[in-house]
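Chemist: how would this look folded up:
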Amino acid sequence: MDDYRSDPDRRPEVVDATVVVAGGRQAARGAWGLVLAVGIVAVVFGVLVLANLWASLHLVAVFAGLFLLFAGILQFFIGSGATTGRVVAGVVAVVAGVSLIAWPGASIKTVAVIVGLAFLISGVSLAVAVVTARGEGRGAVAALGAVLAVVGLVFIIWPGPTVTLLMSLVGLAAVVFGISAIIQALSLRRAVR
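Modeler: Numbering: from 1, shown residues only. Have a look, this model is predicted:
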């Protein structure tokens with residue numbers, strides 16, 4: 001505890017109204033870059049999926065798995081701390097992503113249900129975590145959680161869509177997620193400056 005008092009660079013610091021970084025501004029400088037990189041990867045992934053709608057199910061499964069893996073990892077680094085909702089959303093997305101990458105030859109219905117469950121649980125967890133955090137700008141992130149949950153329900157209720165529809169929904173969700181992460185990263189960067 002005394003280390004925080006004697007070393008100002010290690011002191012927890014409020015960087016923004018919704019972001020507290022336990023390492024001060026130096027740690028926040030590194031965090032915004034990671035969030036930005038994940039956001040860019042998600043947008044590029046979404047665009048690639050949307051541009052390659054006629055790919056095989058194997059490609060859909062691997063792309064969806066990579067997206068869920070990145071989205072799950074990001075849940076551990078964004079926000080004002082490791083809330084239960086974010087941890088649950090992150091773990092579910094990572095497990096679903098690894099499952100899809102490890103078994104890409106699954107049927108279209110299996111892929112749709114795995115992606116749907118991951119989106120539904122992640123979306124609800126994200127929305128609940130943001131609403132209970134009561135920070136500024138929570139409406140946009142809660143709306144993103146709701147959109148992810150609705151997309152998840154579509155996958156679960158209608159698991160037999162064409163590869164084109166599945167890839168379109170995954171690609172659109174990835175682009176929305178990536179844009180949200182980029183906005184959060186730029187917000188964090190402005191707050192650090």
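Chemist: Residue 152 sits in which helix or strand?
Modeler: helix 138-157 (DSSP states H and E).
Chemist: Not counting its own residues, what contacts that helix?
Modeler: Residues from elsewhere that reach helix 138-157 (Cβ atoms under 8 Å, 6 or more residues apart in numbering): 18, 112-113, 115-128, 130-131, 166, 169, 172-173, 176-177, 180, 183. From N, CA and C alone the C-beta is placed, and that goes for glycine too.
Chemist: For this protein, which segments count as helices?
Modeler: 2-6, 24-51, 57-75, 84-102, 108-133, 138-157, 163-192 (DSSP state H).
Chemist: mind showing which ranges of the chain have poor pLDDT?
Modeler: 1-30, 53-57, 78-83, 105-108, 133-137, 160-164, 166 (pLDDT under 70).
Chemist: and stretch 141-156, how far from the chain's centre?
Modeler: Its chain's C-alpha centre lies 12 Å from the corresponding centre of stretch 141-156 when counted by Cα atoms, centre = their mean, to the nearest Å.
Chemist: what comes up buried for it?
Modeler: Buried residues in stretch 141-156, counted by 16 or more other Cβ atoms under 10 Å: 141, 142, 144, 145, 147, 148, 149, 151, 152, 154, 155, 156.
Chemist: Give me the distance between residue 63 and residue 174.
Modeler: 8 Å (Cβ to Cβ, to the nearest Å).
Chemist: Give the residues shared as contacts by the two.
Modeler: With Cβ under 8 Å, 6+ apart, residue 63 and residue 174 have common neighbours 45, 49.
Chemist: Just want to know which of those two has more residues nearby.
Modeler: residue 174 (27 against 23; other Cβ atoms under 10 Å).
Chemist: Any quick PyMOL command for the buried ones out of the contacts of helix 138-157?
Modeler: In PyMOL syntax, the buried subset of the contacts of helix 138-157 is picked out as below (16+ other Cβ under 10 Å):
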select buried, resi 18+112+113+115+116+117+118+119+120+121+122+123+124+125+126+127+128+130+166+169+173+176+177+180+183
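Chemist: got the contact list for the residue nearest to residue 102 when sequence neighbours are not counted?
Modeler: Leaving aside its sequence neighbours, residue 102 sits nearest to residue 65 (Cβ to Cβ, 6 or more residues apart in numbering; 7.9 Å). By Cβ under 8 Å, 6+ apart, the residues touching residue 65 are 96, 97, 98, 99, 100, 101, 102, 104.
Chemist: distance of the residue lying closest to the fourth one once chain neighbours are set aside from residue 76?
Modeler: Put plainly, it is residue 99. Excluding its sequence neighbours, the residue lying closest to residue 99 (Cβ to Cβ, 6+ apart) is residue 114, at 6.0 Å. Using Cβ to Cβ, we find residue 114 at a distance of 21 Å from residue 76.
Chemist: With that, I have no additional questions.
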